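Q: heads up, no residue letters with this:
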């Protein structure tokens with residue numbers, strides 16, 4: 001066999017080997033893509049589950065309000081807290097207002113659930129959601 005023929009066979013073998021390596025690598029990449037898509041779908045489901053859980057908790061805090069009513073209540077409460085803090089009140093001062101109105105109601109004998117607006121919540125039981 002001539003050198004040229006041997007060289008052509010070697011080149012042809014190299015092409016076949018290279019094509020096999022490329023095909024194997026492409027199969028690996030395709031497998032990784034599928035895994036990534038599956039992981040992203042699982043991530044999306046967990047995010048949705050967390051959002052629904054949060055929505056449910058907020059709804060319960062606001063007396064069962066849902067949809068636009070819940071959004072309006074949260075927005076109004078957030079706006080009110082913002083106005084109070086913008087006017088120079090600290091969160092401790094605002095909490096003191098809530099505490100003083102509770103004690104004033106109990107002193108006047110007006111302590112009943114009907115005195116509390118639907119959806120009214122206490123912001124300061126655990127942590128301050130408005131803290132930066």
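A: Good, I have the coordinates. Since the model is a prediction, treat every value here as computed from it, not as a measurement. Numbering: from 1, shown residues only.

Q: distance of residue 55 relative to residue 94?
A: 25 Å (C-beta to C-beta, to the nearest Å). C-betas here are computed from N, CA, C, even on glycine.

Q: those two: who's more crowded?
A: More neighbours surround residue 94 than the other of residue 55 and residue 94, with 18 against 13 (other C-beta atoms under 10 Å).

Q: so which bits of the stretch of helix or strand residue 74 belongs to are buried?
A: Using DSSP states H and E, residue 74 sits in helix 67-86. Residues of helix 67-86 classed as buried: 70, 73, 74, 77, 81 (neighbour count, 16 or more other C-beta atoms under 10 Å).

Q: quick one: mean pLDDT over that helix.
A: Per-residue pLDDT over helix 67-86 has a mean of 93.

Q: which elements pack onto that helix?
A: Helix 67-86 sits against helix 3-61, helix 91-108, with contacts defined as 3 or more C-beta pairs under 8 Å, 6 or more residues apart in numbering; DSSP states H and E.

Q: what's the least confident stretch among those helices?
A: Averaging pLDDT over each of the helices and strands packed on helix 67-86 puts helix 91-108 lowest, since it has a mean of 66.

Q: for residue 62, phi and psi?
A: The phi/psi pair for residue 62 (degrees, to the nearest 10) reads phi -100, psi 40.

Q: repeat that for residue 88.
A: Main-chain torsions, residue 88, degrees, to the nearest 10: phi 110, psi 0.

Q: from residue 96, how far out is it?
A: Residue 88 is 14 Å from residue 96, by C-beta to C-beta.

Q: what about these two, which has more around it?
A: residue 96 (13 against 7).

Q: so how far is residue 78 from the more buried one?
A: Following C-beta to C-beta, the distance that separates residue 96 from residue 78 is 20 Å.

Q: and if you look at residue 19?
A: On the measure of C-beta to C-beta, residue 19 and residue 78 end up 62 Å apart.

Q: then residue 21?
A: Taking C-beta to C-beta, one finds residue 21 at 59 Å from residue 78.

Q: also residue 97?
A: Distance of residue 97 to residue 78, computed by C-beta to C-beta: 16 Å.
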